[in-house]
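>>> build the 3D model from these lines:
(chains A and B)
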Amino acid sequence: MLAYVGKRIAIAIPTVLIVSLFVFSLQHLLPGDPILVLAGEERDPAVIEFLREKYRLNDPIPVQYLAWLGNVLQGDLGISWRTNQPVLELIGQKLPVTIQLAVMAMIIAMLIGIPAGILSAVKKGTVIDYTANVIALSGLSIPNFWLGILLILLVSVHLGWLPASGYESPFVDPVRSLQTMIMPAFVLGTALAATLMRHTRSAMLGVLQADYVRTARAKGLRERRVVLRHAFRNGLLPVVTLSALLFGELLAGAVLTEQIFTIPGFGKLIVDAVFNRDYAVVQGVVLCTAVGFIVMNLIADVLYALLNPRIREGL
Amino acid sequence: MRKMTLAAMLLAATALSLPAHATDFRIGLQEDPDVLDPDQSRTFVGRIVYAALCDKLVDITPDLEIVPQLATDWSWSDDGLQLTMNLREGVTFHDGTPFDAEAVRANIERSTMMPESRRKSELASIAGTEVTGPHQVTFTLTNPDATLIAQFADRAGMMISPTAAAEAGVGFGANPVCSGPFQFAQRIQQDRIVLERFDAYWNADAIHLDSVTYLPIPDTTVRLANLRAGDLHMLERLAATDAASVRADDDLQYAEAVSLGYQGITINVGNGEGADHPVGTNTLLRQALELSIDRQALNQVVFEGVFAAGNQSFPPNSPWYNADIPIPARDVERARELIAEAGFERVPLEVMVTNNPVDMQVGQVLQAMAGEAGFDITLRAMEFASLLADQSAGTYQASRIGWSGRVDPDGNIHQFVTCDGGINDSGFCDPAVDALLNTARTSTDPAVRKQSYDAARAILAEELPLIYLYHQTWIWALADTVEGFTPYPDGMIRLEGVMVQ
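Modelled structure (predicted):
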């Protein structure tokens, strides 16, 4: 098992390097001069020249990349060009917010998606199946920003139940933290629930037709036990991989939801940084996202291996 | 035991979530400010925060008159090369450092010397700052500069604690220390900036709030929803399309002021190779383009008539506006004649617009109007950073852009249309305009200045390197419990006199 994990990590390192190189190059291909944005409305030539020197923009791009990589290896992701705040500090501030949002969204998605998927597979072809499918399709089709704004208008403005937007740390005020996060987590969660439901359904359908399930039924086991103990465990495999991927996507993909609910998370950080051409922040955030994705996949692979011994033996 | 811990946690949570008795004034901002260092910052929203955090040497009235703030009075030498200011006594910075002439000298030195300072061009005329008394400074200028006092009414005149500045250096913005009515308490980027009442403030009697929290909420609909839900006391830059709904809402108040800035089309007439296009090389075509636009209709269609139509660098209600050149009425026939006179039937023109919905709409309205007269306008939607880069490099034909505006008229015109102007992206150059605008800049006689601006406008209205379209109106929406807010044309939120019932 350890060898398996070691091998996966060995593959992960060059991936991270390639991603960082890619982002670094891509960023310099973007139109627009970051220094013009940074210099202020008056665009004082002396300030522009000073800033170019300060951020090493006069150096060739490979030199800039190596300098940046050298600092990263020493744990220094640089300083935000826009606010002078260390990038690592910013990430430390924003990542937990998005993780909280992603975890809550994931819980909501799983609570809705997995049972709905199983039910719809077991009751295939019935009204329950069709209803679940229609709801899932709606969940996938309704855009986040639209659902978000409608929820704000309904729940906050008309009913006055929850704050319209904003964020509070759970360590400062757990109640308000939950209040501010429920709506965005729901918006994100419903879209994911639909995906999860569809995948659980098809995985379960496949498994329910397998020989060992028929054997289990032939042994006279109760249907409930057949579905949950025998079929579900195997049917869960692709769902675990999918969940890991979805969670990774949530970390960087909650952008719209964060923007609407004004949640100072990771997605909002990177979008603002791109628009402000805050190179240091963009690079730092993308690197972290890449690492995050790879780690999530690693965890999924390990879980996979745990759930299915054939995979680790096959290596 | 576990039950008790849970109970204690719940109790603590309830206590924390109960509204405190102290008045925390919550303001919704359109963006998150950049670094909170008056010398390094460059955003409009940053200045809104400074209005509560950092006092300036002078301030403005809603009618743009300069009034004392940290400087109580001032006088010019006869040759206009020396400005002597007497400073308010008994003022301290938030860290207890006394405010005196030495502090002013240190501030000006930082603004003009620090490599990161964005204030250098604003204070370029200052050759030296001399402490001529414990509470008196004298500025020596390289040349007479009528705009200097107005510069002191903004970031260049904001006084920060010299002790804190020396300690923090470039990192001052992480924990800014000034002498305004509120002191810095906390900032979580993209989430909030919290300021607390500064009890030792020299004008503490005018302050009725215990703290103020600025919340950046970029989406205008969500910002308004927050105000309606009671999560905000006020918000800035309400969308013009929401103005009617706020006015009709009994629970909200509406306030507005025409801004100091302008919005228009900058035409590349001499900035690099990009200037080589029919509209850039032919004055008649620019005049035709102007005549093809109905500014009032544009304002009605896109901004529900909330903004102010305009045709000069100053809004029509400004004392610097040249009343002899009123907003021209749309005249498609005349525009067609001018195009024919220039030897064209249809005129192609590419206009850059920023890729936000409102700006795109402005572009489309212009496209439709000018199309009727004979212009084939192609809109190039770009994101702001790219638009700015192309404009500065001269790789464009025309750009739909504006200017946030300055208190002194010079800031709205000199740098855009003088031959060596720092932001002359149009590439316009006319020695006669230069001479007039330089006279306006150096004269301290308002009559001479007005005359010069009027004369320069007469030339610019013919040449049209910039076609001014409208002046944005700052719109604030407030909860009905808020009292004492005064709208200012600079768009700032001054909290003196503001209270919550």
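>>> ok, residue B:256 - contacts?
By Cβ atoms under 8 Å, 6 or more residues apart in numbering or on different chains, the contact set of residue B:256 is B:243, B:306, B:473, B:474, B:475, B:476, B:487. Backbone N, C-alpha and C define where each C-beta goes, glycine included.
>>> could you count how many residues lie near the last one?
If I follow you right, that is residue B:487. For residue B:487, the neighbour count with other Cβ atoms under 10 Å in any protein chain shown is 19.
>>> leaving out chain neighbours, which residue sits closest to it?
Distances taken as Cβ to Cβ, 6 or more residues apart in numbering or on different chains put residue B:257 closest to residue B:487, at 3.9 Å, once the chain neighbours are dropped.
>>> that's a helix at the one you found, yeah?
No - read with DSSP: H, G, I helix; E, B strand; the rest coil, residue B:257 is strand and lies in no helix.
>>> partners of it in the sheet?
Residue B:257 has these beta-bridge partners by DSSP bridges: residue B:474.
>>> in this structure it contacts residue B:474, no?
Yes - counting by Cβ atoms under 8 Å, residue B:474 is a contact partner of residue B:257 at 5.1 Å.
>>> what sits in contact with each of the two?
With Cβ under 8 Å, 6+ apart as the test, residue B:257 and residue B:474 both reach B:487, B:489, B:491.
>>> between the residues you listed, which sits nearest chain A?
Of all those, residue B:491 has the smallest distance to chain A: 14.0 Å, by Cβ to the nearest Cβ.
>>> list the contacts of that closest one.
Applying Cβ under 8 Å, 6+ apart to residue B:491 gives the contacts B:44, B:47, B:48, B:236, B:257, B:259, B:260, B:474.
>>> next, it: secondary structure please.
coil.
>>> show me the chain divided up by domain.
Because you didn't say which chain, this covers chain A. Listed domain ranges for chain A are A:1-28+A:265-315, A:32-73, A:99-264 (source: automatic domain parsing).
>>> sorry, should have said chain B
Chain B resolves into domains spanning B:55-174, B:184-258+B:474-500, B:262-471 when parsed by automatic domain parsing.
>>> circling back to that earlier point, out of the contacts of residue B:256, flag the one nearest to residue B:145.
Using Cβ to Cβ, residue B:474 comes nearest to residue B:145 of the contacts of residue B:256, at 27.7 Å.
>>> okay, the residue nearest to residue B:487: pLDDT?
With respect to pLDDT, residue B:257 has a value of 95.
>>> around it, how many other residues sit close by?
The number of residues packed near residue B:257 is 17, by other Cβ under 10 Å.
>>> residues in contact with residue A:157?
With contact set as Cβ under 8 Å, 6+ apart, residue A:157 has these partners: A:164, B:225, B:228, B:229.
>>> residue B:264 belongs to a helix, doesn't it?
No - membership of residue B:264 in a helix is not supported by three-state DSSP, which gives strand.
>>> helix or strand next in line after the helix or strand of chain B with the lowest mean pLDDT, which one?
When each helix and strand of chain B is scored by mean pLDDT, DSSP states H and E, helix B:2-17 comes last, with a mean of 45. Downstream of helix B:2-17, the first helix or strand assigned by DSSP states H and E is strand B:24-29.
>>> does that following strand come close to chain A?
No - against chain A, strand B:24-29 shows no contacts by Cβ under 8 Å from any Cβ of the partner chain, the least distance being 9.1 Å.
>>> tell me which residue is most central in chain B.
Centroid-nearest residue in chain B: residue B:404, 3.8 Å away (criterion: Cα atoms, centre = their mean).
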